[in-house]
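after the sequence you'll find the predicted model.
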Amino acid sequence: MRCVIARFPFDLIKSEVEQAMAGIKPEPVTGDFVIIGRHHYPVKQVGAVITRQDRRDFTADEVTRALTRLGFTCRSVPVSVADAAHTPLEAASALLGSPERA
């Protein structure tokens, strides 16, 4: 399948992407990820391997779009409601705890 990533055309085949990622250890997932085999890889890691470009040269959306068209499952790590509900001040106060009463 022909796709454009970082303004460069690539001819990608699902089996070639699987082979390219076969010996690579997945990095910790913090955002968008793709499931290849039994592993969850960050989309940017897969993009860097298959394009041989620096991760700053392309967006996660470009790679996600291409991998989805190839038939891979792409997802995003959900933001937890507890983290989103607290302001930085509230989070710091929760970490420090409340003062003890005499």
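Looks like it arrived, so ask away.

what's around the residue lying closest to Gly71 once chain neighbours are set aside, how many residues?
Spatial nearest neighbour of Gly71, excluding adjacent residues (C-beta to C-beta, 6 or more residues apart in numbering): Lys14 at 5.6 Å. For glycine as for every other residue, the C-beta is placed from the backbone atoms N, C-alpha and C. By the criterion of other C-beta atoms under 10 Å, Lys14 has 14 neighbours.

residue contacts, Lys14?
Contact partners of Lys14, counting by C-beta atoms under 8 Å, 6 or more residues apart in numbering, are Leu70, Gly71, Phe72.

can I have the buried ones of those as a PyMOL selection?
Selection of buried members from those for PyMOL, criterion 16 or more other C-beta atoms under 10 Å:
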select buried, resi 70+72
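
which one of the contacts of Lys14 is nearest to Arg52?
Of all these, Arg52 sits closest to Leu70, with 17.5 Å by C-beta to C-beta.

could you double-check that the closest one lies in contact with Leu12?
Yes: taking contact to mean C-beta atoms under 8 Å, the distance of 6.0 Å between Leu70 and Leu12 places them in contact.

quick check: Ile13 vs Gln19, distance?
With distances taken as C-beta to C-beta, to the nearest Å, Ile13 is found 9 Å from Gln19.

could you measure from the residue nearest to Gly71 over to Met1?
Going from Lys14 to Met1 by C-beta to C-beta gives 8 Å.

and the longest helix for the protein?
If you go by DSSP state H, the chain has its longest helix at helix 60-70.

enumerate the positions of whichever helix or strand comes after that helix that are buried.
Reading on from helix 60-70 to the C-terminus, the next helix or strand found by DSSP states H and E is strand 73-76. Of the residues in strand 73-76, Cys74 count as buried by neighbour count, 16+ other C-beta under 10 Å.

again, but for stretch 9-20
Residues of stretch 9-20 classed as buried by neighbour count (16+ other C-beta under 10 Å): Leu12, Val17.

give me the distance from it to the chain's centre.
What separates the centre of stretch 9-20 from the centre of its chain is 18 Å, taken as C-alpha atoms, centre = their mean, to the nearest Å.
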